[in-house]
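In: Here's a sequence, model it:
(chains A and B)
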Number of protein chains: 2
Amino acid sequence: MSFKPISDIGEFGLIERIAPIAAPTLEAVPGLTEGIGDDCAVYELSPSTVQVATTDLLFEHIHFDLLTTPLQHLGSKAISVNVSDICAMNARPRYALVSIALPPKASVELVETVYRGMSETAQRYRTALAGGDTSASPGGIVISVTATGEAEKEKITLRKGARSGDLVCVTGSLGEAAAGLRVLMREKDIMLEHIRHGETYDRDIMSNLGEYNEAIRQQLLPSARMDIIDFFHKHSIVPTSMIDISDGLAPDLGHICKRSGVGAYIEESRLPISSQVRHVADEFQEDAVNYALSGGEDYQLLFTLKKEQFSAIASHPDITVIGKITPEDEGMLLCDIYGMTVDLNTIGGFDHFGGK
Amino acid sequence: MSFKPISDIGEFGLIERIAPIAAPTLEAVPGLTEGIGDDCAVYELSPSTVQVATTDLLFEHIHFDLLTTPLQHLGSKAISVNVSDICAMNARPRYALVSIALPPKASVELVETVYRGMSETAQRYRTALAGGDTSASPGGIVISVTATGEAEKEKITLRKGARSGDLVCVTGSLGEAAAGLRVLMREKDIMLEHIRHGETYDRDIMSNLGEYNEAIRQQLLPSARMDIIDFFHKHSIVPTSMIDISDGLAPDLGHICKRSGVGAYIEESRLPISSQVRHVADEFQEDAVNYALSGGEDYQLLFTLKKEQFSAIASHPDITVIGKITPEDEGMLLCDIYGMTVDLNTIGGFDHFGGK
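Out: The predicted structure follows:
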């Protein structure tokens, strides 16, 4: 009997294998209306209110690098990425549980600094740090955060509601986190080179790379777009589908298209890419559009909207219409600045297991 | 500046340092009535219903050993230990989120087997597996489970309600999991010895150690005591305090006493210890009472009850009164079979960070 390594099927392939095994458990809990497959699970608290819940597991050496990540930022980001999943359901966060595992020789002060970052950020989102677990780790630091949120039932926005003709919109600018990561990795190499030669290196330089500050901030200290959820609620906007951009625009749009049974047509010229991101990409002789499409970790919101609601978002300075939803058989296409179309399905995002 | 390693203050010391950092986050969420410090966080869903939530992080090489743990049992135990925390609040489970991290070379079949164990056990508890996260792990397998449950508000049982004069009760028999672990570790040594000498070893032997079957089952495949919660609800019993025994009777009773501001007086002769546990302890020339007091992982319920409710539990074959709650200044004492008293505070349980 031969066994298939997970790297053969990748993270999404693995989830497709797990979901049917978990499916029979949903029958006993009728209020659980969405299980595996969206940003959050959805659980009905009452006929008018639902709870959403999400969880994320972060490993040192895989998801973060303590050489380039201040501990307080690490704590902050662990909270923000989960609150971002809550926002992607058009919901507001309520409380979070935090587990942390550390080598027994790690210092108490290290843990306190990580928690201070979590606490300050949780306060900003009005989210309670309600409990958790601590454990020894055989390797580096591991952080697991589970966050819950709430929304009125009719406001919940899933990945699966997009319809042909809807507008495709994103918040903020794309590729920032990928550009920030490039700069930090280069700076890390410089630092290691200094250390190797017995020279001193001022670590404050790294958090002070002024000309790249926005990209680095988006990489180390991303914010969940609660402000957009507030804007939606204030103007009674309910997107037809929504996801937060954690893997990259192309794979995350792919999740919406697959779950909604639709295609999409995106115009490259409309992608919100900052001059700083273009500048970094130029320095590394790379393409800023690729940062936007597959860089990941932007934690911006990608959503679809009925065309008639365009006027409701038109004046928002931080929302950009980048294309439209099409019938499923038209595929998921990018029209580049020369008018050529590219199949967005061929552009992958980050896969933890190296799957394709 | 010198830093204090976590092993100096231990797991409980660390939690005491984290709690005040998280405290300001609770202010923004008035429904969150219990944060860090009990088996679960408590969140009010309505004036009459509360949600409880708990999370556990399990590491290969620290919490489980794949040489002695069948994968399906591992999945089952990951669910049971969280549902046990829900039961310890006198609540019933509703849904769980599961994160799993694996080396990229791990097989898909391995993950499926772990999930089958989770799914079958979740179905038994009528708990939905509602979502989660998958990630690559730089080391062994890591599993994080978060479970939520619900109860009527007036039935919720915290650690902090015990009063002087209350009866101290436990379910099931104690020290089973510790005895099972001893036997499994010995069998593992035998297996490794066989392998070292190039001899074959039939791994089925390990799951078929008939004479120790109950202790091994409690170690590998513990059950949350949902049946006790059903019994409580059926007979309108509300304990004054409750905890599940995960660290060991002595430290877990310590949590109740500390949170409630009381002492306790336990009679050794009343401790429910099976003949199998006594037999294993004899074989290892150890004391079965120590297995019961500090073995941990029994996942039985330890609770306190007003004296007047004794008749309600008296006829239950699996509940034992082991002592009584006393004023705080009388301390936490064990009266041994010779009538000598021992300070239970001097008996530690398992501490992940090796703290004292």
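
In: Do you have the helices of the stretch 51-200 of chain A handy? List them.
Out: Secondary structure of the stretch 51-200 of chain A (DSSP state H, counting those that start in this stretch): helices located at A:71-87, A:108-124, A:176-196.

In: Please tell me how far the residue most central in space within chain A sits from A:Tyr299.
Out: Residue closest to the mean C-alpha point of chain A, counted by Cα atoms, centre = their mean, is A:Ser246 at 2.6 Å. For A:Ser246, the distance to A:Tyr299 equals 7 Å [Cβ to Cβ, to the nearest Å]. Using the backbone N, CA and C atoms, a C-beta is placed for each residue, glycine as well.

In: and for these two, which residues touch both?
Out: A:81, A:84 (Cβ atoms under 8 Å, 6 or more residues apart in numbering or on different chains).

In: sorry, back to before: can you give me every residue that contacts the residue nearest to the centre of chain A?
Out: A:81, A:84, A:252, A:296-299.

In: again, 10 Å this time
Out: A:39, A:56, A:81, A:84-85, A:88, A:177, A:222, A:252, A:296-300, A:349-350 (Cβ atoms under 10 Å, 6 or more residues apart in numbering or on different chains).

In: if you skip the residues just before and after it, what's nearest to A:Ser260?
Out: Of all residues not flanking A:Ser260 in the chain, A:Ala162 sits nearest, at 3.8 Å (Cβ to Cβ, 6 or more residues apart in numbering or on different chains).

In: Backbone dihedrals for the residue nearest to the centre of chain A, please?
Out: phi -110, psi -30 (degrees, to the nearest 10).

In: re earlier: need the helices of the stretch 51-200 of chain A in a markdown table with mean neighbour count and mean pLDDT, can you?
Out: Converted to a markdown table, the helices of the stretch 51-200 of chain A look like this (neighbours: other Cβ atoms under 10 Å in any protein chain shown; pLDDT from 0 to 100):
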| stretch | mean neighbour count | mean pLDDT |
| --- | --- | --- |
| helix A:71-87 | 26 | 97 |
| helix A:108-124 | 21 | 96 |
| helix A:176-196 | 18 | 91 |
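
In: With chain B as the reference, name the closest of those helices.
Out: helix A:108-124 (4.4 Å; Cβ to the nearest Cβ).

In: and that closest one, what other elements does it pack with?
Out: Other helices and strands packing on helix A:108-124, by 3 or more Cβ pairs under 10 Å, 6 or more residues apart in numbering or on different chains; DSSP states H and E, are helix A:71-87, strand A:92-102, strand A:128-136, strand A:142-152, helix B:6-22.

In: How far off centre is that helix?
Out: From the chain centre to the centre of helix A:108-124 is a distance of 21 Å (Cα atoms, centre = their mean, to the nearest Å).

In: got the CA positions of stretch A:257-271 in PDB?
Out: Presented in PDB, the C-alpha positions along stretch A:257-271 are these (Å, rounded to 0.1, in the frame of the first residue of the first chain):
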ATOM      1  CA  CYS A 257     -15.800  31.900  -8.300                       C
ATOM      2  CA  LYS A 258     -15.600  28.200  -7.300                       C
ATOM      3  CA  ARG A 259     -18.100  28.500  -4.400                       C
ATOM      4  CA  SER A 260     -20.400  30.700  -6.400                       C
ATOM      5  CA  GLY A 261     -20.200  28.800  -9.700                       C
ATOM      6  CA  VAL A 262     -19.200  31.900 -11.700                       C
ATOM      7  CA  GLY A 263     -16.400  33.300 -13.700                       C
ATOM      8  CA  ALA A 264     -14.700  36.700 -13.400                       C
ATOM      9  CA  TYR A 265     -13.100  39.300 -15.700                       C
ATOM     10  CA  ILE A 266     -10.500  41.500 -14.100                       C
ATOM     11  CA  GLU A 267      -8.800  44.500 -15.700                       C
ATOM     12  CA  GLU A 268      -5.100  44.900 -14.800                       C
ATOM     13  CA  SER A 269      -5.200  48.600 -15.300                       C
ATOM     14  CA  ARG A 270      -7.700  48.900 -12.500                       C
ATOM     15  CA  LEU A 271      -5.700  47.000  -9.900                       C
END
